[in-house]
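Enquirer: Show me the folded form of this:
(chains A and B)
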Amino acid sequence: MMMNKSDVQSEVLFQQEFAIRGGDFVNAGESSCKIRNTLREIGIDSDVIRRIAIAAYEAEMNVVMYAENGVMSISVYREEILLTIDDKGPGIEDIDLAMQPGYSTATEEMREMGFGAGMGLPNMKKNADRFKIMSELGKGTRLEIRILLDDKNG
Amino acid sequence: MILSKIQTLLNAEFISGQDANNLDIKFAKASDLMSDVLAFSKPYSGRNTILITGLTNKQVVRTCEIAGVAVIIFVRGKYPTEETVKLAEQCDIPLLATKMKMFEACGILYTNGVHSASPNDDE
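Expert: As a prediction, the model looks like this:
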């Protein structure tokens, strides 16, 4: 296994930001689909795109379901893709519990839409090479999802 | 198996995207939980995977677009809203509907050689 040397981050090759509105179930997922299409256009490997898109979509749905609003940002570097989601919302009381597959605080409405199965955060982590979650009760949550790129994506 | 054969086997009707009736379908997943569809999504290069579901909202289409699912088949006689159909047309995802229950639809397709899109060895 190679050591990762991307701690010294190189110049950003591409960056885009999306505003997400809490409770906006109609447009939920649109930003993630845009990210997917954009990454396709710039020629990122399809498996990397799939992983980023899934993580973005789960994160976007979480903002829509639980937060007041949020910003999702995608940055492409030579070595990695960084996806961040910052929301203004209730925060997560117990992150370890929230990371457990199947744990959910979703309402009936969310479940009727097919979400709230308690797979969101575990799913994001599974698709990330590095996953970081920071949360403050009553303020909000920040997620950092990194997917490393190898040479074939250069 | 081509999509039109699936249509016949499931006694289904095309809601949209009928021109894709000769897509070669190899895999299927069945769920009403969109996170499950995402969690067990494997990379498929071609348009060869279908989702069997009873959920009919727009998020189903978005989930399939994200997970790389090519076709959606609604079971239990569920019919999608106009909004869902419109989005599916934009995303180039054909929609079919059947009155069959999910279990029945899965059984028929499995018996006829359609494989699971999320096999047990999935990591």
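Enquirer: how about the strands of chain A, start to end?
Expert: A:14-21, A:69-76, A:80-88, A:130-136, A:140-148 (DSSP state E).
Enquirer: And the third one, what's buried?
Expert: Spelled out, that is strand A:80-88. Within strand A:80-88, the residues scored as buried using 16 or more other CB atoms under 10 Å in any protein chain shown are A:80-87. Every residue, glycine included, has its C-beta placed from N, CA and C.
Enquirer: Equivalent analysis for the fourth one, please.
Expert: Burial within strand A:130-136, assessed by neighbour count using 16+ other CB under 10 Å, is assigned to A:131, A:133, A:135.
Enquirer: List the contacts of the last one.
Expert: By that I understand residue A:135. A:91-92, A:95, A:141-142 (CB atoms under 8 Å, 6 or more residues apart in numbering or on different chains).
Enquirer: Okay, and the beta partners of it?
Expert: Listed beta-bridge partners, residue A:135: residue A:141 (assigned using DSSP bridges).
Enquirer: That one and chain B: what is the separation?
Expert: For residue A:135, the distance to chain B equals 20 Å [CB to the nearest CB, to the nearest Å].
Enquirer: what angle do the longest helix along chain A and strand A:69-76 make?
Expert: The helix that spans the most residues within chain A, counting by DSSP state H, is helix A:46-66. Counting by axes from the mean of the first three to the mean of the last three CA atoms, to 10 degrees, helix A:46-66 lies at 170 degrees to strand A:69-76.
Enquirer: Could you pull out the buried residues of helix A:46-66?
Expert: Neighbour-count burial for helix A:46-66 flags A:48-66 (criterion: 16+ other CB under 10 Å).
Enquirer: still on that earlier bit, what's the farthest-apart pair in the contacts of residue A:135?
Expert: Spatially, the most separated pair among these is A:95 and A:142, at 11.7 Å (CB to CB).
Enquirer: Looking at the two, which one has more neighbours?
Expert: Neighbour tally, residue A:95 and residue A:142, criterion other CB atoms under 10 Å in any protein chain shown: the higher count belongs to residue A:142, 16 against 13.
Enquirer: Spit out the contact partners of the more buried one.
Expert: With CB under 8 Å, 6+ apart, residue A:142 has these contacts: A:84-87, A:133-135.
Enquirer: In this structure residue B:4 contacts residue B:20, no?
Expert: No - in this structure residue B:4 lies outside contact range of residue B:20 using CB atoms under 8 Å: 9.5 Å.
Enquirer: Convert the helix or strand bottoming out on mean pLDDT in chain A to PDB, retaining C-alpha atoms only.
Expert: Ranked by mean pLDDT, DSSP states H and E, the weakest helix or strand in chain A is helix A:108-112, scoring a mean of 86. Extracted in PDB, the C-alpha atoms of helix A:108-112 (Å, rounded to 0.1, in the frame of the first residue of the first chain):
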ATOM      1  CA  GLU A 108     -42.700   9.000   8.700                       C
ATOM      2  CA  GLU A 109     -42.700  11.400   5.700                       C
ATOM      3  CA  MET A 110     -39.000  10.800   5.000                       C
ATOM      4  CA  ARG A 111     -39.500   7.000   5.200                       C
ATOM      5  CA  GLU A 112     -42.400   7.200   2.800                       C
END
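Enquirer: what's it in contact with?
Expert: A:65, A:116-117.
Enquirer: can you list these in TSV and add distance to residue B:52?
Expert: Converted to TSV, the contacts of helix A:108-112 look like this (distance: CB to CB, whole Å):
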residue	distance to residue B:52
A:65	25
A:116	21
A:117	17
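Enquirer: Pick out the residue closest to the middle of chain A.
Expert: With the centre of chain A defined as its mean C-alpha position, the nearest residue by CA atoms, centre = their mean is residue A:56, 3.6 Å away.
Enquirer: which residues does that residue contact?
Expert: A:31-32, A:35-36, A:72, A:74, A:83, A:85, A:145.
Enquirer: near chain A, which residues of chain B?
Expert: Counting by CB under 8 Å from any CB of the partner chain, chain B comes close to chain A at B:32-36, B:38-39, B:41, B:43, B:45, B:53, B:55, B:57-60, B:62-63, B:65-68, B:83, B:91.
Enquirer: before we move on, the earlier item: just the angle between the longest helix of chain A and strand A:130-136, please?
Expert: Here the directions of helix A:46-66 and strand A:130-136 differ by 10 degrees (the same axes, to 10 degrees).
Enquirer: Alpha carbons of helix A:46-66, as PDB, please.
Expert: Extracted in PDB, the C-alpha atoms of helix A:46-66 (Å, rounded to 0.1, in the frame of the first residue of the first chain):
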ATOM      1  CA  SER A  46     -16.700   6.400 -13.700                       C
ATOM      2  CA  ASP A  47     -16.200   4.500 -10.500                       C
ATOM      3  CA  VAL A  48     -14.900   7.600  -8.700                       C
ATOM      4  CA  ILE A  49     -17.900   9.500 -10.000                       C
ATOM      5  CA  ARG A  50     -20.300   6.900  -8.700                       C
ATOM      6  CA  ARG A  51     -18.800   7.000  -5.300                       C
ATOM      7  CA  ILE A  52     -18.800  10.800  -5.100                       C
ATOM      8  CA  ALA A  53     -22.300  11.000  -6.500                       C
ATOM      9  CA  ILE A  54     -23.700   8.500  -3.900                       C
ATOM     10  CA  ALA A  55     -22.000  10.300  -1.000                       C
ATOM     11  CA  ALA A  56     -23.200  13.700  -2.300                       C
ATOM     12  CA  TYR A  57     -26.700  12.400  -2.700                       C
ATOM     13  CA  GLU A  58     -26.900  10.900   0.800                       C
ATOM     14  CA  ALA A  59     -25.400  14.100   2.200                       C
ATOM     15  CA  GLU A  60     -27.800  16.300   0.200                       C
ATOM     16  CA  MET A  61     -30.800  14.300   1.400                       C
ATOM     17  CA  ASN A  62     -29.600  14.700   5.000                       C
ATOM     18  CA  VAL A  63     -29.500  18.400   4.700                       C
ATOM     19  CA  VAL A  64     -33.000  18.500   3.000                       C
ATOM     20  CA  MET A  65     -34.400  16.200   5.700                       C
ATOM     21  CA  TYR A  66     -32.800  17.500   8.900                       C
END
